[in-house]
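Asker: Test case, fold it:
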Amino acid sequence: MMTLLYLLLLPMLSGIGMLGLGPALMAGRAGAAHVVLLLSGLLLPLRGLMYLLLARRRGNRPGRMSVLLAAVELLLGAGLLLLPQLSVRLFAVVVAVYLTLLVTVEAVNAILYGRMRRWGAFFPAMAAAAGGTGLFVLIVFVPALRDAALRYTAALLLTVFGTGLVCDVLALTIRSRRVRRVLGSIRVALPDLMSLFLPQRTADVLPRAPLGPVPQQGTEEFELLFQTSAHGIGLVGHCELCFDGRTLTYGAYDPAHQRLLRTVGAGIVFSAPREPYLRWCIGTHHRRVISYSLRLPPAQAAQLRAELERFRQTLSPWQPEALPEDCFAGRLRRLGGVRFWRVQRGPYATYFIPTINCVSLTNELLEKTDIGRTVMLGLKTPGAYLDLLEREYLAGNPAVTARRVYDRI
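Answerer: Model prediction:
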């Protein structure tokens, strides 16, 4: 019952409420902003509490990080409900801080796309950076326009995410493949701040199993893996595609080319034998692995393999022999059977943690399958993509055939 509430009722009510509040905010209706804050105060802690309750009901012990996040969300929700006057100012501060992050990310995107001469991506990134900067100036330095800027920003976000939530629920309840594909084409992922730590929470909730042999062998079967750990960057998670008994992983694994606090680096791809590699990750690095098995129609499987082959054409062999043992690739090379490449051209030649990452690559490769492409505003987080797979699995999408959590048990 709780899963059904999370899957259908809560997203539908949230989406309808967002769609109704968006125009009210744009029209300057009195009280609309306070209704937004009230709903935020009610809904913000609900997701975390539901994950904790689901974990307990399924006999799992929630991790300390999940408990801490739920407590922080509960305190923030109480603050929004009990301090309405402070809430408006706090909302302005949160928006300003988030805009600073977003403008920085889009500015770096524009620089990277410009260097790669990807003008189709360069100009939207520049426009987003300029628009975010203008909105930041209005909110921080022009008090007379601050309220209007916040109203319109909130209204736009409410309309976008409200439409996405309603389309998600309709796609889950309507069985027609044609309708699902249309609705999936306008699917909007969770806001990045809500999905940031979702892999860790999901691993807390789901039943855990020991790692077994590769669950897929046919040319039409694939596996999406989400790794998560309780510390460091592993909290956010990492996405990998597995097929033919091997994992395909994309990241910035060359320390010689990392810059901007290790957020930017040369795009490196490695392929490793699935079971030894996952055992190494689980045993040595204390990772938990959330696995979604995919079985695609023959035409879609052939299309995905063609996309993978086109991606391979951009790669050239890379040898990490000179890397020190204290870096990830330096340790991984000792596993055996691991092959490394560097992306020489194309959009993934340069890796950028917030946007040009493992999630954006996976999202692009699976765009023309029944999984579809997800619109991710702002940061491209593994949690946002995991949420998509979880919804598709619970809704009975035939393309998502199984779900497991591999852990040391």
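Asker: Show me the shaky parts of the stretch 1-150 of the chain.
Answerer: 1-66, 69-70, 73, 76, 79-91 (pLDDT under 70).
Asker: my bad, the stretch 251-400 of the chain
Answerer: 395.
Asker: could you pull out the strands for it?
Answerer: Secondary structure of the stretch 251-400 of the chain (DSSP state E, counting those that start in this stretch): strands at 264-266, 268-273, 288-295, 315-317, 339-343, 350-352, 400-406.
Asker: Could you point out which of these sits nearest L225?
Answerer: strand 288-295 (5.6 Å; C-beta to C-beta). Bear in mind the C-beta positions are built from the backbone N, C-alpha and C, glycine included.
Asker: so where do the helices sit in the stretch 251-400 of the chain?
Answerer: Here the stretch 251-400 of the chain has its helices, by DSSP state H, counting those that start in this stretch, at 274-284, 298-312, 328-332, 358-365, 382-394.
Asker: how much does the fourth one deviate in direction from helix 298-312?
Answerer: Right, the one you point to is helix 358-365. Relative orientation of helix 358-365 versus helix 298-312 (axes from the mean of the first three to the mean of the last three C-alpha atoms, to 10 degrees): 130 degrees.
Asker: what comes up buried for helix 358-365?
Answerer: By neighbour count with 16 or more other C-beta atoms under 10 Å, helix 358-365 contains the buried residues C358, V359, S360, L361, T362, N363, L365.
Asker: and if you look at the longest one?
Answerer: For helix 298-312, the buried set under the neighbour-count rule, 16+ other C-beta under 10 Å, comprises Q300, A301, Q303, L304, R305, E307, F311.
Asker: now, which of those residues sits nearest P354?
Answerer: Looking across those and measuring by C-beta to C-beta, the closest to P354 is F311, at 21.0 Å.
Asker: Need the helices of the stretch 251-400 of the chain in TSV (columns: distance to G132).
Answerer: Formatted as TSV, the helices of the stretch 251-400 of the chain follow (distance: least, C-beta to C-beta, whole Å):
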stretch	distance to G132
helix 274-284	36
helix 298-312	31
helix 328-332	33
helix 358-365	19
helix 382-394	20
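Asker: now what about stretch 92-110, what contacts it?
Answerer: The contact list for stretch 92-110 (C-beta atoms under 8 Å, 6 or more residues apart in numbering) reads 121-122, 125-126, 128-129, 132-133, 135-136, 139-140, 146, 150, 153, 193, 260, 263-264, 352, 354-356, 378-379.
Asker: quick one: that stretch to chain centroid distance?
Answerer: Distance of stretch 92-110 from its chain centroid, counting by C-alpha atoms, centre = their mean, to the nearest Å, is 18 Å.
Asker: again with stretch 107-117
Answerer: Put simply, stretch 107-117 sits 22 Å off its chain's centre (C-alpha atoms, centre = their mean).
Asker: what do you get for stretch 351-364?
Answerer: Distance of stretch 351-364 from its chain centroid, counting by C-alpha atoms, centre = their mean, is 9 Å.
Asker: Any idea how far apart the tips of that stretch sit?
Answerer: Length of stretch 351-364, first residue to last, C-alpha to C-alpha, to the nearest Å: 15 Å.
Asker: Please apply the same query to stretch 349-361.
Answerer: Using C-alpha to C-alpha, the two ends of stretch 349-361 sit 11 Å apart.
Asker: Contacts for that stretch next, please.
Answerer: The set of residues external to stretch 349-361 that reach it, using C-beta under 8 Å, 6+ apart, is 105, 108-109, 112, 115-116, 238-240, 249-252, 263-268, 311, 314, 343, 347-348, 376, 378-382, 384-385.
Asker: Now do the contacts for the closest residue to Y277 other than its chain neighbours.
Answerer: Computed as C-beta to C-beta, 6 or more residues apart in numbering, the closest residue to Y277 that is not its neighbour in sequence is T247, at 5.7 Å. Applying C-beta under 8 Å, 6+ apart to T247 gives the contacts L225, E240, L241, S271, A272, R274, Y277, L278.
Asker: ranking those residues by neighbours, who comes first?
Answerer: Highest neighbour count within the contacts of T247: E240, with 25 neighbours (other C-beta atoms under 10 Å).
Asker: Please tell me how far that one sits from Y385.
Answerer: Distance of E240 to Y385, computed by C-beta to C-beta, to the nearest Å: 11 Å.
Asker: Ok, F328 next?
Answerer: Distance from F328 to Y385, by C-beta to C-beta: 21 Å.
Asker: Compare those two (neighbour count), which wins?
Answerer: Neighbours were counted for F328 and for Y385 using other C-beta under 10 Å; Y385 has more, 28 against 16.
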